[in-house]
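1. fold the following and give me the result.
(chains A, B, C and D)
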2 protein chains.
Amino acid sequence: MAVTLKAVAGRAEVSVATANQVLNGFVDRFAESTCERVQVAARDLEYVPNMAARSLQKQRSYLIGVLFSDANASLFSEFTHGVMQGIGSTDYSPIVFSHDSLRTEAKCLERCLHRKVDGLIVGAGIDEAGQTNTDFYSKVMASGLPLVEVFGRFVPEAVSGNVDLKQAGKMVVDHLRAAGHQSIAHLTHDRYDVARHSGIGPHYDAWEMFRGYEQTMLSSGLTPVLITHPLRLTGGFSQSCYESGYASLRSIMAHPAKPSAVFCYNDDQAYGLIQACHDEGIAVPDRLAIVGYGDEKLARIIRPRLTTLRRPSRETGRRASELLLRMIEKETVESVTLEPELMVRESA
Amino acid sequence: MAVTLKAVAGRAEVSVATANQVLNGFVDRFAESTCERVQVAARDLEYVPNMAARSLQKQRSYLIGVLFSDANASLFSEFTHGVMQGIGSTDYSPIVFSHDSLRTEAKCLERCLHRKVDGLIVGAGIDEAGQTNTDFYSKVMASGLPLVEVFGRFVPEAVSGNVDLKQAGKMVVDHLRAAGHQSIAHLTHDRYDVARHSGIGPHYDAWEMFRGYEQTMLSSGLTPVLITHPLRLTGGFSQSCYESGYASLRSIMAHPAKPSAVFCYNDDQAYGLIQACHDEGIAVPDRLAIVGYGDEKLARIIRPRLTTLRRPSRETGRRASELLLRMIEKETVESVTLEPELMVRESA
DNA sequence: ATGAAAGCGCTAACAA
DNA sequence: TTGTTAGCGCTTTCAT
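-> Numbering: from 1, shown residues only, chains lettered A, B, ... in the order given. This is a model prediction of the structure:
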């Protein structure tokens, strides 16, 4: 049915070996006329190499596994688009899985391993108890499989393509200070410091963001005001964040530091907080300025429009897959850091 | 490196042929003790078949291509999750691509074909001019490649796993009538009737939804009120819908039929409309009841909470992949229809 | 009831 | 400069 190398070789009147070499770029080993004939034949027949055969021989699947946590569902599409860009016109294809629990995450990973993916891009999850699949991933890495982590750092040894959340904290504080705010609170959730209490290391996103905020506040001579709120985590991460944001207004208003601005862990918390302000008749941004993180589509829709840090999702996908491809080629690579962008709108 | 069938056969002291047969379920051809030995050996060695080799021999890639339009970005994660469920524990893996233009869509399709996927799940796009990749897909189908279409019907011959949008129209009208509304408008976009003017056939989602609305109105003795608004389509589909919803309030209020309720094409339009009402001081739902379609996370967040039809995204993915697998097995299958669910909240 | 052998399409080492 | 050859790991037909 399909056009094989043999067919191309036949048409060009050379051996399959020759055809193969020519088509794989070893043109300088052959007479120009030979190369010409082979290339023409391949084009005429619309030859496409059979990946299964190539895989078998090369001991590579030309597949990269992408594991994505539902917690980031809203940027899944952007992210996979970026992955595609990074893969470009190489022979690789992404096999993509989205997971909503540690169990399904482990299952997805298992599938990728069975498929013998050449590398893995991992957006890991964390459950209500602060548990992760870190050990599983560590084992995978130990086996030598290239792995790039995105949207968090739960696998300490992994190369990562993450947003610079310390910088995020700094950008927001600087922006709010410039607008005259002195009492700037940081709203996050009750697991923000899981990085300290678990083996995850100092790179849990909430912790990193908090540290960026804290350091900037201190070095600006301001007092950090940390407000945390528990996540219910039934009904999904996003919904829980919204609710925690809503519920936190009370703590914010009751706080002795009388915050005039709040930097939220993510957009969902910010939406919740804005809604609470609305319900309580608290003017945003006049009485309380609010900044989020993420810049989902809703940020431009909600009123007042949300001032927030744009999370470069597509770029994350692109950079992560570029890194991974280089790792697969046995290059040594460093983690990359992506910069957020402050989108100043109405809420701050 | 990896455990091969040969290794299993060696350990069980049988030939590879025997080991293979046993592990593929042809147990009744062999002595019970033989089967036992093979199975034990496979388990002990944690044997996993090499897909590349199997593919090569079976002339199947065990890959299914998933093409997804950015226009539905918000449900991508849910959808792929469903695809995974449908694939279950079969040997198939999804290679997933998200596209944001006809060009990238075609490129993704091309990649899938090069990879020789065994089947395709397609969420097709449509551009500003109403163009689609229908011809491309038709050609693919003509070649015999199993294809299931979701989230729209741009490929007339394709098996589809779509939501019953006629039913959606009916459900909403019935609900609003029961609440006493007589003048119920349908807000959609200016391409709603592309189905009539192009070769796409009568299944463009906006058209189907309109027809369900129209038929129910007529059979209830009410006069359909159609309000369309152009989409800018720069800045993405979602954003454009929001803007069109916002801008349409003017037309709605100026309409001689004086609508007391509006059924919107999607949640984005509904958000826009709600926001416009808010800005103009029009009470929702008292003065104007609003119903959307989609039930994205925002629907529960916006105030008033949006009454909307839930679009079963995960189920769509699950059913679509189930259908596709059956098609790959040469079964004859029918398109399936999924039912939306009315989520009654505050806006209507 | 089991095994030997050919071959899927491609690659790479070696021969000519 | 080009061709011959031996697999990669699995499936399947045909002997035994």
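2. how near is the closest residue to A:Q182 other than its chain neighbours to DNA strand C?
-> Nearest residue to A:Q182 in three dimensions, chain neighbours excluded: A:L222, at 6.4 Å (Cβ to Cβ, 6 or more residues apart in numbering or on different chains). Quick note: C-beta positions are derived from backbone N, CA and C, even for glycine. From A:L222 across to DNA strand C, the span is 60 Å (Cβ to the nearest atom of the strand, to the nearest Å).
3. share the number of residues neighbouring A:L222, please.
-> 17 (other Cβ atoms under 10 Å in any protein chain shown).
4. now it: how far from A:V150?
-> Distance, A:L222 to A:V150, using Cβ to Cβ, to the nearest Å: 32 Å.
5. can you show me the strands along chain A?
-> A:63-69, A:93-99, A:119-122, A:147-150, A:159-163, A:184-189, A:225-229, A:261-264, A:289-294, A:307-310, A:336-338, A:341-343 (DSSP state E).
6. would you format the ones you listed as TSV with distance to DNA strand D, mean pLDDT and mean neighbour count included?
-> Putting the strands of chain A into TSV (distance: least, Cβ to the nearest atom of the strand, whole Å; pLDDT from 0 to 100; neighbours: other Cβ atoms under 10 Å in any protein chain shown) gives the following:
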stretch	distance to DNA strand D	mean pLDDT	mean neighbour count
strand A:63-69	16	96	27
strand A:93-99	19	95	25
strand A:119-122	19	98	26
strand A:147-150	23	97	27
strand A:159-163	28	94	23
strand A:184-189	46	96	26
strand A:225-229	51	94	19
strand A:261-264	51	98	30
strand A:289-294	44	97	27
strand A:307-310	46	98	25
strand A:336-338	34	96	17
strand A:341-343	47	97	15
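7. which stretches of the stretch 1-150 of chain A aren't confidently modelled?
-> Within the stretch 1-150 of chain A, the segments meeting pLDDT under 70 span A:1.
8. chain neighbours aside, what residue packs nearest to the residue in the stretch 101-250 of chain A that DNA strand D sits nearest to?
-> Per Cβ to the nearest atom of the strand, A:K116 is where the stretch 101-250 of chain A lies closest to DNA strand D, at 10.0 Å. In space, and not counting its chain neighbours, A:K116 is closest to A:S61: 4.8 Å by Cβ to Cβ, 6+ apart.
9. relative to DNA strand D, how far out is that neighbour?
-> On the measure of Cβ to the nearest atom of the strand, A:S61 and DNA strand D end up 12 Å apart.
10. that residue contacts B:N50, correct?
-> No: counting by Cβ atoms under 8 Å, A:S61 stays clear of B:N50, with 9.3 Å between them.
11. please enumerate the shared neighbours of these two.
-> Common neighbours of A:S61 and B:N50, using Cβ atoms under 8 Å, 6 or more residues apart in numbering or on different chains, are A:K116.
12. more neighbours, those two?
-> Higher neighbour count among A:S61 and B:N50: A:S61, with 24 against 19, using other Cβ under 10 Å.
13. please tell me how far the more buried one sits from A:R111.
-> 12 Å.
14. ok, now which ones touch A:L298?
-> A:267, A:271, A:306, B:298, B:301.
15. chain neighbours aside, what residue packs nearest to the third one?
-> Nearest in space to A:L306, with sequence neighbours left out and distances taken as Cβ to Cβ, 6+ apart, is A:A299 at 4.1 Å.
16. tell me which parts of the stretch 51-200 of chain A are close to DNA strand C?
-> Residues of the stretch 51-200 of chain A lying close to DNA strand C by Cβ under 7 Å from any atom of the strand are A:53-54, A:56-58.
17. just those residues that are near DNA strand D?
-> Within those, those near DNA strand D by Cβ under 7 Å from any atom of the strand are A:53, A:56-57.
18. which among these count as buried?
-> A:L56 (16 or more other Cβ atoms under 10 Å in any protein chain shown).
19. what's the closest of the ones next to DNA strand D among the residues of the stretch 51-200 of chain A next to DNA strand C to A:S143?
-> A:L56 (20.7 Å; Cβ to Cβ).
20. distance check, the closest one against chain B.
-> Distance, A:L56 to chain B, using Cβ to the nearest Cβ, to the nearest Å: 4 Å.
21. and that residue, what does it touch?
-> Taking Cβ under 8 Å, 6+ apart, one finds B:50, B:52-53, B:56 in contact with A:L56.
22. right, I'll leave it there.
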